[in-house]
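K.L.:
What follows is a protein structure lacking sequence information:
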C-alpha cells in the first residue's frame, strides 16, 4: 500500500490553488466524525488511525506526480513550487483505535495550515471510514460468539486489495482470532488460518485420497473440507481414515462445512465424529455468515467450534458505508460551522468526556469544546505533534483496548438490542459557541 | 497498486504444498462466473480483466516474501524452491471488459498447471468481483441519465485506495464522464472534474469572497458550491457577482448543490439564475445519489445538468457484493463438478453464444461446452497464451464496447424493470457432460 498525495479529489487541489492565490495560510482545524447511526448499528468502533498517521507522516508529492500535475495545465507554476515542499507539519488529536464511539463525537482532529489540512481530507476519510466500518461490524460478530475461533475469510470479495488487507487488520483489532489473508500475516503479524478448498477435493479421484494427501502435506493443520459432494458421507470417510493417519502420527484437527443448513449439518457431523471416536475433532463452519446467523446457530446449540466469516463482514454488507464527514471547525482562530440542510456541524475544537456507572459500564458521553473540562474520561489524546508521532501503540495494544471497551458497553448494546439510545450530550458551552458563530455570519 | 503473490488465502498455499507433495501438476481449468443475480440487478457488466491479466503476467514471489513464508515453518524447503520459480504460463479466455453478462456464464477461464491456476484464485476473484460489481451498478445509473455529465465522487467512502481507483475506472468504463479522483486521472487517463468544498466557503469571511477567490484561481473551471449556508441566497450572490467577473474575463460555468431536496433547490436556483441573466450557468447536483433518485429527479423535470455520484456507487451500496465463484471445471483432461448444496457447478470448459433479435437487441444466450458450436456470437475469446498477452484493448475501446452492449440490452432491462428473466439456456451437451461426471463419482 503505497500512499500517494494524488489519492485525493481534484477539488482539494483547486481549492489549494485558491488558498495559495489569496495568501490564505492560517491554521485550520478539521474534525472527523459520524453524523448519525444507520439502522443495524448501535455503536461504532474507531479504527484506521495507524494508517492515517503513516499517511500524514509520509505526505509529499513525487517529482513524477508534480510533472503530471503541471501537464494538466490546471495549476500555476508558483503553486506547483509550493506543492513540491509541502509536508504535513500539523498536530493530530484522536481517540485510540478500538475505542467505542457514537455520533457527533470527533474521533480525529487535524490542526494544521489550511492547505495541509484540506489536502488530506479525502485519504483520511477513506482510511478512517473503512476500518471503522469493518471494526464496527466485526465487534458485533465477536460479541455474538465470544469463545469461538473467528477467522476473516473475506479477501476475495473485499473491494480491492487494500480493503482485504485492512479488513483483516480491523477485524483482528475488533476481536477476531485471525485471517486467511497471507499478506496480512506478513504485514501486520496477524495469525493465519486456512484449510482446503473444494477444488483440492475435486482435483483428486476421490475425497479420501484428497484428505490423505492434505494430511501428509500439512500434518500440523489437518482441517478437512467435507461438503464438496455429500457432507455426512465425507464425515464417515474422515472417521474411517483417522486410525490410519493416527498410526502415521497425524491427528485430524477439524472438519469444515461450507454449504447447506450449517447448524443441521454440524449436529449430524458431530454425531458421526463422536460415534467414530473423534470427539477432539472440531467443527468449523463458513459460508455467508454474519452476527445474526452466528447468534441463531449458537442459541440453537449448534456444535460449532469456529467460524470463517468473509463477504458479509469484509463488505459490511448490511451497512456498507457510514455517514461520516471531515469538516472545518475553525480557521485562523475563529470557530466555523456548516449549516447545509441536514448536515449542520458543531463548531470549534472539541473533546469528548465519557462517564461510567458503578458496574463499570459506559453511562453517558458529553461533547464539549476543548478546555471546558467535564466529569469523566477525556477520549481524544494528542498523537501527532508538528508532524511527528508521539506514540504508536501496537496492534495488540489496540486489540486489548477494543476488548476492554466492548466489555464496558451497556448490556443492551452488547446484545445488539437496537435501536438503543446511548446518551451523548452536547454541552452548554458548545451550544453557546454555535449560537455565537451563527450570529457572526 | 503493487500486486503481491501473497494477496491470497493461506489455503491456496497449503493446497499447493499438497499438490507438490503428491506430484500433482497436470493442467487444471478454472472458470469465474456469477451464480445468481441478487434483487436490484437484472444484468451484469464484465470488468476487471485488464488488472487481472496484469496480475497474472507479473506473478512471482519476491525473495522477501519467500523468506517470510519459510519463517512461518508451515512449508517444506522443496516446495519453497518450487515457489521461487513459479510464474504464470497458462492460457486465459475471457469476455471483453464492458460485455453484458448473466448468471452461469463464465466471464473468464484459466487453463494452467494446477498450482498456478489455484494460487491466483483469491486475487482474480478480488479484481473481477469488484470492478464487475461497480460497472454493473454504474451502468444502471448511466442508463437513467443518458445525456448528463456524470462524475464519480466516491474515493472518500470507497473501501480503501484501490477500491477508489478501480471504481473510478469501472464507472468510466460503464459510461460515466469522469472522476474526481486525481490519481485515476494520472494512472488511467480518466477525465477529471472538481469544484470546491464547504470548507473553502467556511474558511472565508463570506460566501461572495470565497466565490471570487475561487473564480480567480480556477478561471476556466468556475463551478461554485452554493449550499453551505442558504442555497437560494447563495444563488443570488452568484448573480450579483457575475457581471464583475465577466468584466475581468471570467465566466461562471456552473453551481453545485449538495444538500436538501435537490430537485426543489435546482428549480428555484434555475429561476434565480435565469432571472439574473445566467441561463448558460449549469446546475450540478450531488449527495447520496443513485439510479433511482436520478430517475425520479429527471422524470420530475428537475433542471439538473450533471451529477456527482459517490458513496452509493463506489460501495454498490444496495448490492455490495456479487455471488461469484472461481471453480475447478476440469483437471488432467477430465471434467469436474462441485455438488455442494445450492452451489453445484456446470463442469467442463465452456463457451457462451449470444443471439440478437431483428431489432439488434440481445435475445437469448446459450452456455455450452467448448467445441459445441451454437448459433450466435461466441462471447469468450483467448486473451493470454502461454502467459503472454494476445491483445490489450484500451480503456476507451472497452468503454465503447460497454456503450454498444448497453444499447443492445432488452428494453425492460434498460428501464430497470426487474426482475426480468433474460433467457440463458444450458445446452444439451452441457447437461450430458454433467450427468457423465456425476456417474463417474
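P.N.:
Done, it's in. Everything numeric here is computed off the predicted structure, so don't read it as measured data.

K.L.:
What's the separation between the residue nearest the centre of chain A and residue A:5?
P.N.:
Residue closest to the average C-alpha location in chain A (CA atoms, centre = their mean): residue A:131, at 2.8 Å. Note on residue A:131: its distance to residue A:5, by CB to CB, to the nearest Å, is 21 Å. No exception for glycine: its C-beta is placed from N, CA and C like everyone else's.

K.L.:
Next one: stretch A:248-262, is it in contact with chain B?
P.N.:
Yes - interface with chain B: stretch A:248-262 contributes A:258-260 (CB under 8 Å from any CB of the partner chain).

K.L.:
Among these, name the buried ones.
P.N.:
Neighbour counting over these (16 or more other CB atoms under 10 Å in any protein chain shown) leaves A:258-259 as the buried ones.

K.L.:
Helices - which of the residues of stretch A:248-262 next to chain B land there?
P.N.:
Of the residues of stretch A:248-262 next to chain B, none are assigned to helices by DSSP state H.

K.L.:
State the distance from residue A:46 to residue A:174.
P.N.:
Taking CB to CB, one finds residue A:46 at 10 Å from residue A:174.

K.L.:
Quick check: neighbours shared by the two?
P.N.:
Taking CB atoms under 8 Å, 6 or more residues apart in numbering or on different chains as the contact rule, residue A:46 and residue A:174 both touch A:98, A:135.

K.L.:
Pretty sure residue A:28 sits against residue A:330.
P.N.:
Yes - when contacts are counted by CB atoms under 8 Å, residue A:28 is listed as touching residue A:330 (6.8 Å).

K.L.:
who's more crowded, the two?
P.N.:
When residue A:28 and residue A:330 are compared for neighbours, residue A:28 comes out ahead with 26 against 23, by other CB atoms under 10 Å in any protein chain shown.

K.L.:
Just give the nearest non-adjacent residue to that one, would you?
P.N.:
residue A:114 (4.0 Å; CB to CB, 6 or more residues apart in numbering or on different chains).

K.L.:
And for the one you found, the neighbour number?
P.N.:
When neighbours are defined as other CB under 10 Å, residue A:114 has 23 of them.

K.L.:
and it, what is it in contact with?
P.N.:
Going by CB under 8 Å, 6+ apart, residue A:114 touches A:19, A:24-28, A:331, B:203.

K.L.:
And residue A:45, by the same measure?
P.N.:
A:98-101, A:132, A:135-136, A:138-139, A:173-174, A:402, A:405-406.

K.L.:
CSV please, covering those residues and showing neighbour count.
P.N.:
As requested, the contacts of residue A:45 are exported to CSV (neighbours: other CB atoms under 10 Å in any protein chain shown):
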residue, neighbour count
A:98, 27
A:99, 24
A:100, 26
A:101, 24
A:132, 25
A:135, 31
A:136, 25
A:138, 28
A:139, 31
A:173, 30
A:174, 29
A:402, 27
A:405, 21
A:406, 21
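
K.L.:
and of those, the nearest to residue A:15?
P.N.:
Each of the contacts of residue A:45 was scored against residue A:15 by CB to CB, and residue A:132 proved nearest at 25.3 Å.

K.L.:
so that closest one touches residue A:49, yeah?
P.N.:
No - with contact defined as CB under 8 Å, residue A:132 does not count as touching residue A:49 (9.5 Å).

K.L.:
any shared contact partners between these two?
P.N.:
Counting by CB under 8 Å, 6+ apart, the contacts common to residue A:132 and residue A:49 are residue A:107.

K.L.:
who in the stretch 201-350 of chain A is up against chain B?
P.N.:
Listed as neighbours of chain B in the stretch 201-350 of chain A under the rule CB under 8 Å from any CB: A:202-203, A:213-214, A:216-218, A:220-221, A:227-230, A:258-260, A:311-312, A:315-317, A:320-322, A:324, A:327-328, A:331, A:336-343.

K.L.:
check contacts around the closest residue to residue A:187 other than its chain neighbours.
P.N.:
Once flanking residues are discounted, residue A:187 sits nearest to residue A:165: 6.6 Å by CB to CB, 6+ apart. Counting by CB under 8 Å, 6+ apart, residue A:165 makes contact with A:1, A:155, A:181, A:183-184, A:187-188, B:160.

K.L.:
separation between residue A:165 and residue A:127?
P.N.:
From residue A:165 to residue A:127 the distance is 12 Å (CB to CB).

K.L.:
what is in contact with the two at once?
P.N.:
In contact with both residue A:165 and residue A:127: residue B:160, using CB under 8 Å, 6+ apart.

K.L.:
and stretch A:83-100, which residues are buried?
P.N.:
Across stretch A:83-100, burial judged by 16+ other CB under 10 Å covers A:83, A:86, A:88, A:90-100.

K.L.:
Let's have the contacts of residue A:165 in TSV, adding pLDDT, secondary structure and distance to residue A:365.
P.N.:
Output for the contacts of residue A:165, formatted as TSV (pLDDT from 0 to 100; DSSP: H, G, I helix; E, B strand; the rest coil; distance: CB to CB, whole Å):
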residue	pLDDT	secondary structure	distance to residue A:365
A:1	50	coil	33
A:155	98	helix	35
A:181	98	strand	34
A:183	98	helix	37
A:184	98	helix	32
A:187	97	helix	34
A:188	98	helix	30
B:160	98	coil	29
